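>>> got a predicted structure plus its sequence, pasted below:
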Amino acid sequence: MASKLVVSTFLSLDGVMQGPGGRGEDDSNDFPHGGWLTPHVDEGFGRIMGDVFDRSDGMLLGRKSYEILNSYWPKVSDEDGGAKINNMSKYVATRSPMEAEWNNTRVLVGEAAQTVAELKATTDGEILVQGSSDLLRTLQEAELVDEYRLLIFPVVLGEGKRLFADGTTPAGLRLTDSSTTDSGVLFAAYEWQGKPAYGMLPPA
C-alpha cells in the first residue's frame, strides 16, 4: 500500500504560482498580479483539469489553500461540478490543530515531512496537491513528490511565490505527457527520477 503524490500547479512562464485565480486569493508581500490565469481559461484548460481531478483519489492542501477552497467549493452543487471535489478525501497539513468543516476532510497535525510520508504509506491511489506553495517546499525537501502536472501560462510576472524557489532540493525529472490549449497554455507532466544526472558537453 502506497499512494502517489501528484503536484498540480498553475505557473506563469517565469515560474510564479501565486494568486492565479483572482485578486485577494493570495496578496501576500503586496503581490499585484492576482487573476493572471483567468484570461487564458478555455475548453482545453477545462479538459486538462477535469482529467487531473478524475485521476485523483484524494487532495492534500496546506492550511491557507484549504481555507481558500473551503470558502468556495462546498457551495457548488453536484450539477455544477462540485461532486468530485466535495466528495473526495481531503487532507490538510498543518503544524497547529484546526477544525475542518468541509466534507471528508482529515487534519494532519505536525511536521508535514512526517505526516505526509505516513499518509502516503497508509493510503492507495493518487493524492493531488493543489496550490499550497509553502507546503510544497517541505514536500520537495523530503522528496515526497512523485509527479508534477504543470499548466504553464503565456504570461511573465517578474515577482511572486515560485514552485521552484532558490534553495529547492535538486531533482531529476522525466517528461511523461504534454499538450497545449488554443489559448497557449502548455501542459507538461514530469515524474520524479531522484537526483539529477550530470555530464559534460563536447567543446564546440
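Alright, I've got the coordinates.

>>> show me what contacts the residue nearest the centre of the chain?
Nearest to the geometric centre of the chain sits Gln130, at 3.1 Å (C-alpha atoms, centre = their mean). The contact partners of Gln130, taken as C-beta atoms under 8 Å, 6 or more residues apart in numbering, are Ser8, Thr9, Met59, Leu61, Ser65, Leu69. C-betas here are computed from N, CA, C, even on glycine.

>>> now, these that are in helices?
Of the positions in the contacts of Gln130, Ser65, Leu69 sit in helices, assigned by DSSP state H.

>>> of the contacts of Gln130, which pair is most distant in space?
Between any two of the contacts of Gln130, the greatest separation by C-beta to C-beta is 14.3 Å, found for Thr9 and Leu69.

>>> re the thing from before, mind checking pLDDT for the residue nearest to the centre of the chain?
Gln130 carries a pLDDT value of 85.

>>> same check, this time on the one 10 residues further on
What the model reports as pLDDT for Gln140 is 96.

>>> for it, helix, strand, or coil?
The local conformation at Gln140, judged by DSSP: H, G, I helix; E, B strand; the rest coil, is helix.

>>> before we move on, what about the one 3 residues further on?
Local secondary structure at Glu143 is given as coil here, using three-state DSSP.

>>> Thr115 versus the closest residue to it other than its chain neighbours, what's the distance?
Closest residue to Glu143 apart from its sequence neighbours, by C-beta to C-beta, 6 or more residues apart in numbering: Thr169 at 6.7 Å. Applying C-beta to C-beta, to the nearest Å, the value for Thr169 to Thr115 is 19 Å.

>>> pick out whichever of these two has more residues nearby.
Thr115 (18 against 13; other C-beta atoms under 10 Å).

>>> quick one, what contacts that one?
So Thr115 contacts Ala93, Leu108, Val109 (C-beta under 8 Å, 6+ apart).

>>> do that again at 7 Å, thanks
Residues near Thr115 by C-beta atoms under 7 Å, 6 or more residues apart in numbering: Ala93, Leu108.

>>> tell me the phi and psi of it?
phi -70, psi -40 (degrees, to the nearest 10).
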